[in-house]
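In: Need a 3D model of the following:
(2 chains)
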2 protein chains.
Amino acid sequence: VSLRGIHHVGVAVADLDEAIATYERLFGATVEHRGPIEGQGVEAAYLRIGVDRVELLAATGEDTPVGRFLAKRGPGMHHVAFEADDVQTELGAFAAAGAQLIDHVPRPGLDGLETAFVHPDALHGVLTEVVSGG
Amino acid sequence: VSLRGIHHVGVAVADLDEAIATYERLFGATVEHRGPIEGQGVEAAYLRIGVDRVELLAATGEDTPVGRFLAKRGPGMHHVAFEADDVQTELGAFAAAGAQLIDHVPRPGLDGLETAFVHPDALHGVLTEVVSGG
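Out: Residues are numbered from 1 along each chain as shown, chains lettered A, B, ... in the order given. Next up, the predicted model:
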């Protein structure tokens, strides 16, 4: 397993426009990319803050993963994403180490990324994403 | 406000040794620093993962901020820390922008850092730390 570092922190928000405005105002953040994530029921925005990124996630409906997260826990940190050279290779390494995966094959993310999620039970309650490309 | 990027992600854990072992095994993480954080009721470990860090936080007792967090929400993401040139300058900028602060002056963090927390209400539920130095 060789991860390059943190790619972004994912944050679930109730109102995407409002949250973007807050990060622009307080952090000098700039919107790098914004759009729906296919099949996830999410409208997302990548914000650039210095050399790193925060991904804001708004649900397109209540019966979506982020919609259920918001109903249960309220707005806040949703996941941490680490950058890898190759997502499939990392997934294989995680599986070999006995980690419970959510995605067994990479799927397309925002802005041309390949992405996969590892189950929070594998990492002491932290929903963890592995991304590459983009 | 000029933030350099994400300094670390803080994660509340029930058992520090066990969590360190998981991150070493699954992520190839290495322990950069470990020790108590004065006055916070926390035993913390900075793990290096690629170019970035995860800070694992274990409570030294139930009646501590992290102890109460664990009782209420269970283990998981606790805060996001951004790196700044100067913490006091950032705090002034946040306050001027109307953001609710937890710390109005920086305090000492792990490993010689200066650190201050911004209230999660200012950032859509995300407890946010600003750090410099170290």
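In: just the helices in chain A please.
Out: Counting by DSSP state H, residue ranges of the helices within chain A are A:16-27, A:65-73, A:87-96.
In: Remind me what the last one packs against, helices and strands.
Out: So that's helix A:87-96. strand A:113-118, strand A:128-133 (3 or more C-beta pairs under 8 Å, 6 or more residues apart in numbering or on different chains; DSSP states H and E). (C-beta placed from N, C-alpha, C; glycine too.)
In: Repeat that for the second one.
Out: Other elements packing on helix A:65-73 under the criterion 3+ C-beta pairs under 8 Å, 6+ apart are strand A:3-12, strand A:52-59.
In: Could you give me the buried positions within it?
Out: Residues of helix A:65-73 classed as buried: A:65, A:66, A:67, A:69, A:70 (neighbour count, 16 or more other C-beta atoms under 10 Å in any protein chain shown).
In: Run through who's touching it.
Out: When contacts are defined by C-beta atoms under 8 Å, 6 or more residues apart in numbering or on different chains, helix A:65-73 is touched by residues A:12, A:14, A:40-42, A:57-62, A:78, B:73.
In: can you give me the angle that helix makes with strand A:3-12?
Out: Helix A:65-73 and strand A:3-12 are oriented at 70 degrees to each other (axes from the mean of the first three to the mean of the last three C-alpha atoms, to 10 degrees).
In: Just the CA trace of helix A:65-73, in CSV.
Out: The C-alpha coordinates for helix A:65-73 follow below in CSV (Å, rounded to 0.1, in the frame of the first residue of the first chain):
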residue,chain,number,x,y,z
PRO,A,65,-26.3,8.0,1.1
VAL,A,66,-25.6,11.7,1.8
GLY,A,67,-29.3,12.4,2.5
ARG,A,68,-29.4,9.6,5.1
PHE,A,69,-26.1,10.8,6.6
LEU,A,70,-27.5,14.3,7.0
ALA,A,71,-30.7,13.1,8.5
LYS,A,72,-28.8,11.0,11.0
ARG,A,73,-25.7,13.1,11.9
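In: Now do it: distance to the chain's middle.
Out: 14 Å (C-alpha atoms, centre = their mean, to the nearest Å).
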